[in-house]
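**Student:** curious how this folds, go ahead:
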Amino acid sequence: MSNGSEEIRQEGTGSNWPGFDHPLQFCPIRPKHRDAMIRAMWSSHKQLRGFIGWAEHIRNWNNNIFDEFVNAHINATLPTQHFVFTLGEEIVGVGSLVGAYTELDTQIALWVRTGYQGKGIGQAIVQTLEHVAFSVWGFETLYYEHDSQNEASKKLPQKCGFTLSHTRNIIKTAQQESGFWFSWKKDRPGGLPDAIIQGRPIEDFTTP
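**Tutor:** Residues are numbered from 1 along each chain as shown. Predicted coordinates for the structure are as follows:
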């Protein structure tokens with residue numbers, strides 16, 4: 001199933017995020033986010049290259065590479081989806097739902113922009129993507145994984161109600177990784193209405 005022009009409907013009160021003059025909003029990444037994404041990635045390049053393998057040479061990226069990166073995220077094959085989280089015109093975080101262990105599982109991948117950490121944005125990204133994973137797509141299990149050296153990620157899954165599933169060793173792809181990873185999981189709550197995986201049309205959850 002390829003990605004189209006639909007967008008997941010946003011939910012929320014619209015209240016300003018504590019300490020800021022704008023509400024925290026989210027939507028699938030789109031071409032209009034290119035310049036804001038460049039600003040966010042450049043300002044966070046040290047953090048990103050520490051724990052994300054593709055970001056090692058990010059300071060040397062040119063406009064074509066950024067365009068390819070954004071377009072690849074826009075055109076990801078559903079149910080893989082990439083979302084930007086914004087305060088006003090600025091991207092303050094990125095969260096993705098990506099493949100996990102079976103077709104009924106998905107995994108959260110995220111980063112919070114440097115300067116916006118410690119303000120609850122990471123927890124909001126996890127909770128938002130949990131809603132999309134369980135209530136929109138209907139996945140049975142949601143995973144959150146991180147390298148043991150990633151201090152910013154260690155407490156987040158526990159705050160969000162995940163339980164430790166297992167540990168594993170992987171090939172190191174980023175500067176600060178140890179290669180020893182923790183995998184946390186959360187199961188879909190019982191009693192939720194049917195979602196896309198259970199047979200509901202995607203149009204029930206999107207806007208054109």
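**Student:** the protein: strands as residue ranges?
**Tutor:** 7-8, 24-28, 81-87, 90-99, 105-112, 141-147, 163-169, 180-187, 206-207 (DSSP state E).
**Student:** nearest to Gly120, out of those?
**Tutor:** In terms of C-beta to C-beta, the element of the strands of the chain nearest to Gly120 is strand 24-28, at 8.8 Å. (Each C-beta comes from the backbone N, C-alpha and C, glycine too.)
**Student:** direction included, what does the closest one pair up with?
**Tutor:** Next to strand 24-28 in the sheet, as set by DSSP bridges, lie strand 81-87 (antiparallel).
**Student:** show residues contacting the partner strand.
**Tutor:** Contacts of strand 81-87 from elsewhere in the structure, counted by C-beta atoms under 8 Å, 6 or more residues apart in numbering, are 3, 8, 17, 20, 22-29, 33, 36-37, 73-74, 76, 91-97, 116, 121, 124-125, 128-129, 132.
**Student:** quick one: low-confidence parts of this protein?
**Tutor:** 1-13, 174, 208 (pLDDT under 70).
**Student:** now do the helices in it.
**Tutor:** Counting by DSSP state H, residue ranges of the helices within the chain are 34-43, 45-51, 63-74, 121-131, 151-154, 156-159.
**Student:** to Ile108, which of these lies closest?
**Tutor:** Comparing the helices of the chain by C-beta to C-beta, helix 121-131 comes nearest, at 5.1 Å.
**Student:** in stretch 51-63, what's buried?
**Tutor:** Phe51, Ile52, Ala55, Ile58, Trp61 (16 or more other C-beta atoms under 10 Å).
**Student:** now that stretch - C-alpha only, PDB.
**Tutor:** Presented in PDB, the C-alpha positions along stretch 51-63 are these (Å, rounded to 0.1, in the frame of the first residue of the first chain):
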ATOM      1  CA  PHE A  51      22.700   7.700  17.700                       C
ATOM      2  CA  ILE A  52      21.400   7.700  14.200                       C
ATOM      3  CA  GLY A  53      23.600   6.100  11.500                       C
ATOM      4  CA  TRP A  54      22.200   8.000   8.500                       C
ATOM      5  CA  ALA A  55      23.100  11.300  10.200                       C
ATOM      6  CA  GLU A  56      26.900  10.800  10.400                       C
ATOM      7  CA  HIS A  57      27.600  13.200   7.500                       C
ATOM      8  CA  ILE A  58      24.600  15.500   7.900                       C
ATOM      9  CA  ARG A  59      26.600  18.700   8.000                       C
ATOM     10  CA  ASN A  60      27.900  18.000   4.500                       C
ATOM     11  CA  TRP A  61      24.500  17.400   3.000                       C
ATOM     12  CA  ASN A  62      23.500  19.700   0.100                       C
ATOM     13  CA  ASN A  63      20.000  20.700  -1.000                       C
END
